[in-house]
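A.B. asks: sequence and predicted structure below; questions after.
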Amino acid sequence: MQKQNYFLGCNYIIDLVGGKWKPSIICSLGLGDKRFGELRHYFKRLYGVTPAEKVLSEQLHQLIENNMVKRTSYDVMPMKVVYSLTDEGKRLKALLVQMTQFAESIQNDSVHFKYSSKAMLGLVDLNSRENLSD
């Protein structure tokens, strides 16, 4: 594997979370371990959009390769696979929350966030869609 060079460490972090679903995957798993189908259902419920299986699978795989997400297989039938955050993934989630709080503090009328930093921290009822952007 060829070594990646970055001018700044923050460029590496941006590369790590680059991808439509990666920040959402990290934040979702930060609220609890989930199976693949649970992740898809979770995003459908929150955003009204279900990620394509291929895209979600690729982004999960990249997060696993970068040691942000852990994949645990259980020896049962039917096969059970659960995704969870590693310690590094938990630290990255904390950084994403800080970035979201900063974005909320500089937000203007031309920007709207569907999912607030409070929701990222599990401080709102995720079953009530109106509370997600508070």
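C.D. replies: Here it is on my side, so go on.
A.B. asks: what packs against the helix or strand residue 119 falls within?
C.D. replies: Element membership of residue 119 [criterion: DSSP states H and E] is helix 117-120. The helices and strands touching helix 117-120, judged by 3 or more Cβ pairs under 8 Å, 6 or more residues apart in numbering; DSSP states H and E, are helix 87-106. (Glycine included, C-beta is placed from N, CA and C.)
A.B. asks: try 10 Å
C.D. replies: helix 22-30, helix 87-106 (3 or more Cβ pairs under 10 Å, 6 or more residues apart in numbering; DSSP states H and E).
A.B. asks: buried sites along that helix?
C.D. replies: By neighbour count on 16 or more other Cβ atoms under 10 Å, the buried set for helix 117-120 is 117, 118, 119, 120.
A.B. asks: same deal with stretch 66-83?
C.D. replies: 66, 68, 69, 70, 83.
A.B. asks: with adjacent residues omitted, what lies nearest to the second one?
C.D. replies: Right, the one you point to is residue 68. The shortest distance from residue 68 to any non-neighbouring residue, by Cβ to Cβ, 6 or more residues apart in numbering, is to residue 89 (3.9 Å).
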